[in-house]
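[1] 3D model of this:
(chains A and B)
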Number of protein chains: 2
Amino acid sequence: MSGSSKEHIIKSYDDELVRLTGELVRMGELAVSQLEAAIDVVDRRDERAAQHVVNNDDAIDQLEQEISHDVVRLLALRAPIAGDLRNVFAALRIAADIERIGDYAANVAKRSIPLSMAAPLTPTGGLAHLAELAAGEVRDVLRAYRDRDADLAMKVWHEDVELDEAYTGYFRELLTYMMEDPRVITPCTHLLFMAKNIERIGDHATNIAENVWFLVKGEPLNVQRDKRDLTSNPEPVKLGDRPT
Amino acid sequence: MSGSSKEHIIKSYDDELVRLTGELVRMGELAVSQLEAAIDVVDRRDERAAQHVVNNDDAIDQLEQEISHDVVRLLALRAPIAGDLRNVFAALRIAADIERIGDYAANVAKRSIPLSMAAPLTPTGGLAHLAELAAGEVRDVLRAYRDRDADLAMKVWHEDVELDEAYTGYFRELLTYMMEDPRVITPCTHLLFMAKNIERIGDHATNIAENVWFLVKGEPLNVQRDKRDLTSNPEPVKLGDRPT
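    Below is the predicted model of the structure:
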């Protein structure tokens, strides 16, 4: 009714943008927690806790919807010009990437249920290591987004090579187990998919890194992108594939 | 310079929207062709053709970038109101889904390379069947988008159950092969991932179906969504899980 209540309703564009960034970072932190909870659940073979992680994914999906609505509000406040549009599109794309990270974390938790029902002697240590690397990447790239830090974004982009290599090593380890003992084939295929999910989380962290780079620099991060899953590539791993 | 040249530059909002829809449908058709080419390549074990499919994916990524730019132009023409915004967001989301479908098709082609280098006697017929179902879904949902046909979108959504069941059956078939003959474990893991990629294409077709529904009806398609990969679910398949 008064001037201050009007101010409360019609926030400024800049305030909305700050709010949007905060929401995205919060959403990202939730996704990282989901990944860590998923791995914890795999270690403990706790079916109920796994279901809890799967259900929590709805909260991330809900946040993504809210962020889309905030973007609508931002667009309704004024027809944005070039620089603002970069912020708007980056927010939409980053929200979509975080939503996917949440999905992958939930998938890891979901597969832990048939895994715990199958043979108990499967090597899950490698999985925890992959998750640690992926969680580190996501945390760093969220910080890069919050601080509009292009250098940190680039650092995350390069670090993903380490996750890819760890994934390839774990993939080969699982194949060896399967060949040695056919009884572990079923649980190991679950582990293969879980590992792949975590490797994909790293890819989404690098997508976010590319968006942060574009947001700060106004030009794309021009780098080769399709050599990530080295298990589908007959060539050996070459670190030099990524520019330094 | 003249009035007509100005008209050429500043298209009307409606014209832009028609153009955008056309671009998206074209992009989707390209993604379906990629999937069909990928399966053809698996059948023929043709490494060079596989690389061709992988390289073609850049064209789809490029189209997605162009569509994002068209959306920017659409937003710059006027600050859109509710109904228009639905079109804009649907276009952005559908473009992202098609881009993912293209990625999955390229992944199938990519994995055909190590597959053809491994044991030749692996069962790829099931894969072709999955691809056929997925391609049908994508074609139908593109038609639903082009014609703003909510009923057809709903139909696609339901049809995805068939793909999920075919995927589950093929997954089990591959596990059996692996247990019977450890020599086929490595190629079969590639087939597992290829099958999973195709199953995911179906998920993206249903995402598009949900967006078409929302676009036409103005309200979300309220349905359960996370029962898709039945191989990660200890419960047996129940068709009744999807509302009719």
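[2] got a list of what the residue nearest to A:Ile198 when sequence neighbours are not counted touches?
    Once flanking residues are discounted, A:Ile198 sits nearest to A:Leu130: 4.4 Å by CB to CB, 6 or more residues apart in numbering or on different chains. C-beta here means a position set from N, CA and C on the backbone, and glycine is covered the same way. By CB atoms under 8 Å, 6 or more residues apart in numbering or on different chains, the residues touching A:Leu130 are A:163, A:166-167, A:170, A:195, A:198-199.
[3] A:Arg148: helix or strand, and which one exactly?
    Per DSSP states H and E, A:Arg148 falls between elements, in no helix or strand.
[4] Tell me which stretches of chain A form helices.
    Using DSSP state H, the helices found in chain A span residues A:3-9, A:13-44, A:47-77, A:82-117, A:125-146, A:150-180, A:185-217.
[5] Poorly predicted segments of chain A, please.
    Within chain A, the stretches with pLDDT under 70 are A:1-11, A:72-73, A:75-83, A:118-122, A:223-244.
[6] please redo it, this time with the cut-off set to 90
    Low-confidence segments of chain A (pLDDT under 90): A:1-20, A:41-47, A:61-93, A:96, A:112-125, A:182-184, A:218-244.
[7] ok, the closest residue to A:Asp57 other than its chain neighbours - how many residues close by?
    Nearest non-adjacent residue to A:Asp57, counting by CB to CB, 6+ apart: A:Ala106, 3.9 Å away. Residue neighbour count, defined by other CB atoms under 10 Å in any protein chain shown, stands at 26 for A:Ala106.
[8] which residues touch the residue nearest to the spatial centre of chain A?
    Of all residues in chain A, the one closest to the mean position by CA atoms, centre = their mean is A:Ile101, 3.4 Å from it. A:Ile101 is in contact with A:28, A:31-32, A:35, A:138, A:201, A:204-205, counting by CB under 8 Å, 6+ apart.
[9] Neighbours of A:Asn55, how many?
    So A:Asn55, with other CB under 10 Å, has 12 neighbours.
[10] Pull the contacting residues for it.
    By CB under 8 Å, 6+ apart, the contact set of A:Asn55 is empty.
[11] quick one: which of the contacts of A:Leu130 is nearest to A:Trp213?
    A:Leu163 (18.6 Å; CB to CB).
[12] wait, the closest one sits on A:Leu133?
    Yes - shown here, A:Leu163 and A:Leu133 form a contact pair, counting by CB atoms under 8 Å, at 4.4 Å.
[13] Comparing the two, which shows the higher neighbour count?
    A:Leu163 (25 against 22).
[14] could you check the distance from the more buried one over to chain B?
    Distance, A:Leu163 to chain B, by CB to the nearest CB, to the nearest Å: 17 Å.
[15] Same check on A:Asn107?
    Using CB to the nearest CB, A:Asn107 is found at 7 Å from chain B.
[16] Make sure that residue is actually in contact with A:His190.
    No - contact criterion CB under 8 Å: A:Asn107 and A:His190 do not qualify, at 10.4 Å.
[17] Drop anything exposed from the contacts of A:Leu130.
    Among these, the ones that count as buried by 16 or more other CB atoms under 10 Å in any protein chain shown are A:163, A:166-167, A:170, A:195, A:198-199.
[18] Show me which of those is closest to A:Ile39.
    A:Ile198 (8.6 Å).
[19] How about the contacts made by that closest one?
    Counting by CB under 8 Å, 6+ apart, A:Ile198 touches A:35, A:104, A:108, A:127, A:130-131, A:134, A:163, A:167.
[20] switch the cut-off to 7 Å
    A:108, A:130-131, A:134 (CB atoms under 7 Å, 6 or more residues apart in numbering or on different chains).
[21] now do A:Leu74
    A:Leu74 neighbours (CB under 7 Å, 6+ apart): A:13, A:16, A:20, A:88.
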